[in-house]
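Participant: next come a sequence and a model predicted from it.
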Amino acid sequence: MIDDASPADNQDPASGSLAQPEWGDLTPPAGEPYDWFRRGSDLLDQGNSAAAAELLTWAARAEPQAHSIREALARAYYDSRRFEDSAREFRAIVDMAPDDDYAHFGLGLSLWRMRQFPDAAEHLAVAAAMRPDRAAYGRALRQVRATLSAREEAGLSPIGSPDESAEFPPMTP
């Protein structure tokens, strides 16, 4: 779980410098958080999202306020089909930066995959309003709204159940 403490909470009172987060019994990978971020981003670009998520989790624990790390981690989770984790990370970014259109888009797609259609539509609408030039934002919003309309016509709940199957688009904007 990502530590939501502020950087000041990780400060060593004796030296005034930032202390490393608690790693428990685990040994962190070689290098520093930036190294973990770079290696994780490279793995994500190469399509190895599960391995990327492992490295990026370490980086996010060390640098919980770093938007770039959390975005890469959210994307790695999404590509690994870990949609609840992806939604949690994108939501954290939206909370930190409500004007981040891509975070709203990612959160909307993650919620869509979780069949949380009303919440997905809300975040996709925000992303599409912020960046009307991004065709993927508008397409995703139209698809979620069509799903909501079809569910209403069929007398189904606007929130789907986990056992429903459907294909969803990739996350590229």
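Facilitator: All right, it came through fine. Numbers count the residues shown, from 1 in each chain.

Participant: check which residues of stretch 52-69 are buried.
Facilitator: 52-64, 66, 69 (16 or more other CB atoms under 10 Å). Glycine gets a C-beta too; all of them are placed from N, C-alpha and C.

Participant: for that stretch, what is the average pLDDT?
Facilitator: Averaged over stretch 52-69, pLDDT sits at 95.

Participant: export it as PDB, just CAs?
Facilitator: The C-alpha trace of stretch 52-69 is given here as PDB (Å, rounded to 0.1, in the frame of the first residue of the first chain):
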ATOM      1  CA  ALA A  52       7.200  -2.700 -13.900                       C
ATOM      2  CA  ALA A  53       4.600  -2.600 -11.200                       C
ATOM      3  CA  GLU A  54       7.000  -4.300  -8.700                       C
ATOM      4  CA  LEU A  55       9.800  -1.700  -9.200                       C
ATOM      5  CA  LEU A  56       7.400   1.200  -9.400                       C
ATOM      6  CA  THR A  57       5.800   0.200  -6.100                       C
ATOM      7  CA  TRP A  58       9.200   0.600  -4.400                       C
ATOM      8  CA  ALA A  59       9.600   4.000  -6.100                       C
ATOM      9  CA  ALA A  60       6.100   5.100  -5.000                       C
ATOM     10  CA  ARG A  61       6.700   4.100  -1.400                       C
ATOM     11  CA  ALA A  62       9.900   6.200  -1.400                       C
ATOM     12  CA  GLU A  63       8.400   9.100  -3.200                       C
ATOM     13  CA  PRO A  64       4.600   9.100  -2.600                       C
ATOM     14  CA  GLN A  65       4.100  12.700  -3.900                       C
ATOM     15  CA  ALA A  66       5.800  12.100  -7.200                       C
ATOM     16  CA  HIS A  67       3.100  12.300  -9.900                       C
ATOM     17  CA  SER A  68       5.200  10.700 -12.600                       C
ATOM     18  CA  ILE A  69       6.000   7.700 -10.500                       C
END
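
Participant: of the buried residues of stretch 52-69, which belong to helices?
Facilitator: Per DSSP state H, helices hold the following members of the buried residues of stretch 52-69: 52-62, 69.

Participant: among the buried residues of stretch 52-69, list the two that are farthest apart in space.
Facilitator: Ala52 and Pro64 (17.9 Å; CB to CB).
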